[in-house]
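Novice: pasting the structure only:
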């Protein structure tokens, strides 16, 4: 038995539609050489800044890297010896960016400052003001913080000079104690790895949460998809997709269909899979061969799936009714979510997806539980 060409298209078309609907999140990262911009982007998005996708040297001092879900504007910070005032240079860069297609427009800025040199120069302040004048929210990121850990409480603290610098940034004053206007939304201390380059770093969860808060409402989902640190956000996006597919499957089986005709569910289930793959930022249609994708579809959807359970579900008989169709689709969606999550986090190689499905496929108890849940919801 083969998954039909139409069914294969259901996965690809739903995947493409979801990517188009969620769009791309664009972040500007500003900082001088060696400040740690690439490490920061890689830690949050799981992509090397210089290898994130298509690189486009827009103009001197500005590069744009993109893939379907993420765009990174890499903008050089202030360098001593610049011929023109830094604010003027940045204004030109922002003008260039504003002339790019809408899908490339900046949503949030990370302004990176090396924590080992805890100071903000006047050119830095001028550039931050220029960003604010352009309507761009700025998160000031102190990078490469050398945290120390209390052996008793386990609490991590930054060096005193870094903490003092953070406090000044949050309420800046000049040498005479007069307030200075520096339009920063938030100051966040970060490191992309622990001591000796090990561990996952610190402050990354804060920068992810603040970036989401500052993102335009119509781009928040794009950011949830692009980032790779907060998995619950992705589950929150995926579960309505599963619920919608389960309801559609129930509708398709409103008039019970024989198991032999259960392939009517395959396009619904494969479309669900395609949408969830988009949420987990997986390029399965390009990373897997058409044959492998078809083989996976055979294992997961339609008649083969129904045959696995129909004789075991109490009262199901020899047909697929709405309750069984709902339960099979919902349980399969949850299993596919878990599998995508482990591919997304690197625990499973994409080439092993087909072989790994048997470890994630829903069991009888999960399907029966979904049948019971639907009955409760209908009361």
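Specialist: Now that the structure is in, tell me what you want to look at. Computed from a predicted structure; not experimentally measured.

Novice: so residue 234 is in which element?
Specialist: Following DSSP states H and E, one finds residue 234 within helix 231-252.

Novice: can you list the domains in the protein?
Specialist: Structural domains assigned to the chain are 23-226, 230-378, following automatic domain parsing.

Novice: avg pLDDT for the longest one?
Specialist: Read it as domain 23-226. The pLDDT scores in domain 23-226 average 87.

Novice: what would the domains of the chain look like in TSV with distance to residue 17?
Specialist: C-beta here means a position set from N, CA and C on the backbone, and glycine is covered the same way. Below are the domains of the chain laid out as TSV (distance: least, C-beta to C-beta, whole Å):
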stretch	distance to residue 17
domain 23-226	12
domain 230-378	8
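
Novice: The ones you listed into CSV, with extra columns for mean neighbour count?
Specialist: Converted to CSV, the domains of the chain look like this (neighbours: other C-beta atoms under 10 Å):
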stretch, mean neighbour count
domain 23-226, 17
domain 230-378, 19
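
Novice: Tell me which of those lies nearest to residue 9.
Specialist: Comparing the domains of the chain against residue 9 with C-beta to C-beta, the closest turns out to be domain 230-378 (8.5 Å).

Novice: hmm, back to that, between the domains of the chain, which gets nearest to residue 13?
Specialist: domain 230-378 (7.2 Å).

Novice: how about the strands in the protein?
Specialist: With DSSP state E as the criterion, the chain has strands at 25-31, 54-59, 62-66, 70-76, 108-114, 138-143, 148-149, 156-157, 186-189, 257-258, 319-320.

Novice: Using JSON lines, please lay out those strands together with distance to residue 355.
Specialist: Output for these, formatted as JSON lines (distance: least, C-beta to C-beta, whole Å):
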{"stretch": "strand 25-31", "distance to residue 355": "33"}
{"stretch": "strand 54-59", "distance to residue 355": "32"}
{"stretch": "strand 62-66", "distance to residue 355": "32"}
{"stretch": "strand 70-76", "distance to residue 355": "29"}
{"stretch": "strand 108-114", "distance to residue 355": "39"}
{"stretch": "strand 138-143", "distance to residue 355": "40"}
{"stretch": "strand 148-149", "distance to residue 355": "41"}
{"stretch": "strand 156-157", "distance to residue 355": "41"}
{"stretch": "strand 186-189", "distance to residue 355": "41"}
{"stretch": "strand 257-258", "distance to residue 355": "30"}
{"stretch": "strand 319-320", "distance to residue 355": "27"}
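
Novice: Among those, which comes closest to residue 205?
Specialist: Nearest of the strands of the chain (C-beta to C-beta): strand 186-189, 9.8 Å.

Novice: So residue 264 sits against residue 251, correct?
Specialist: No. Here residue 264 does not reach residue 251: they are 10.7 Å apart, not a contact under C-beta atoms under 8 Å.

Novice: residue farthest from the centroid of this protein?
Specialist: Within the chain, residue 176 marks the point farthest from the mean C-alpha position, 44.8 Å out by C-alpha atoms, centre = their mean.

Novice: All set, thanks.
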